[in-house]
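**Student:** Let me see the structure of the following:
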Amino acid sequence: MALDAAALDALFREARTHNAWTDQPVTDDDLRAAFDLMKMAPTSANCAPARFVFIRTPEGKEKLKPALSAGNLAKTMAAPVTVIVAHDPHFYDHLYKLFPHNADAKSWFSGNYSLAEETAMRNGSLQGAYFILAARAVGLDCGPMSGFDKSKVESAFLWDRGWKCNFLINLGHGDPAAVHPRGPRFNFDEVSILA
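**Tutor:** Prediction:
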């Protein structure tokens, strides 16, 4: 079933990367609604390796601050929520639950670190992108970004769980007055091959 034009606008055509935010709060219900949409999207062998840290308190933001590049500092401190999109390198320990029709699935990864890491990074990245679309679908605006010290983020927030940081997303209700003009995009024929 195809989405209508308004839905496509909200997810893609009119959606923008935001760097400035209104005072409208992001609630726990908003975060849960976005997560509950994201979790339904596909991953390889339903492995779902992504893990999320939702930073919303002043204490959490201060903890994140030393990891941010200068260009990302002000907008991240101002964002109602900053999401650390991470992945669990040992995602395969949960395949008994997520992929129950194959009792041997854990063995595909448990003895092969490079395959496990590649699978976790690829599918965790997919889930991070799904989360952006899910957040847009529930009425939130996003500002995904690189430009931070990964090791500092992991040390401050993830080390005790063994999760690995991928990227950050600022979340909130974007200030439309602060949006930059949309950058150019490639046309289909410039970057695609029909084989």
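**Student:** Would you tell me which strand is longest in the chain?
**Tutor:** In the chain, taking DSSP state E as the definition, the longest strand is strand 164-172.
**Student:** For that strand, list the C-alpha coordinates in CSV.
**Tutor:** This file holds the C-alpha atoms of strand 164-172, laid out as CSV (Å, rounded to 0.1, in the frame of the first residue of the first chain):
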residue,chain,number,x,y,z
LYS,A,164,29.5,0.5,20.5
CYS,A,165,28.6,4.1,19.4
ASN,A,166,27.6,4.7,15.8
PHE,A,167,26.1,8.2,15.5
LEU,A,168,24.0,10.8,17.4
ILE,A,169,20.6,12.3,16.7
ASN,A,170,19.2,15.5,18.2
LEU,A,171,15.5,15.2,18.6
GLY,A,172,12.8,17.8,19.2
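**Student:** Now do the very next helix or strand once past it, average pLDDT.
**Tutor:** Next along the chain after strand 164-172, taking DSSP states H and E as the criterion, comes helix 188-191. For helix 188-191, mean pLDDT is 98.
**Student:** Equivalent analysis for stretch 139-147, please.
**Tutor:** 97.
**Student:** Send me it as CSV with only the CA atoms.
**Tutor:** Extracted in CSV, the C-alpha atoms of stretch 139-147 (Å, rounded to 0.1, in the frame of the first residue of the first chain):
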residue,chain,number,x,y,z
GLY,A,139,5.9,14.4,14.6
LEU,A,140,9.4,14.9,15.8
ASP,A,141,12.2,16.6,14.0
CYS,A,142,15.8,15.2,13.8
GLY,A,143,19.3,16.4,13.5
PRO,A,144,21.5,13.3,12.9
MET,A,145,25.2,13.9,13.2
SER,A,146,28.8,12.7,13.3
GLY,A,147,31.3,15.2,14.7
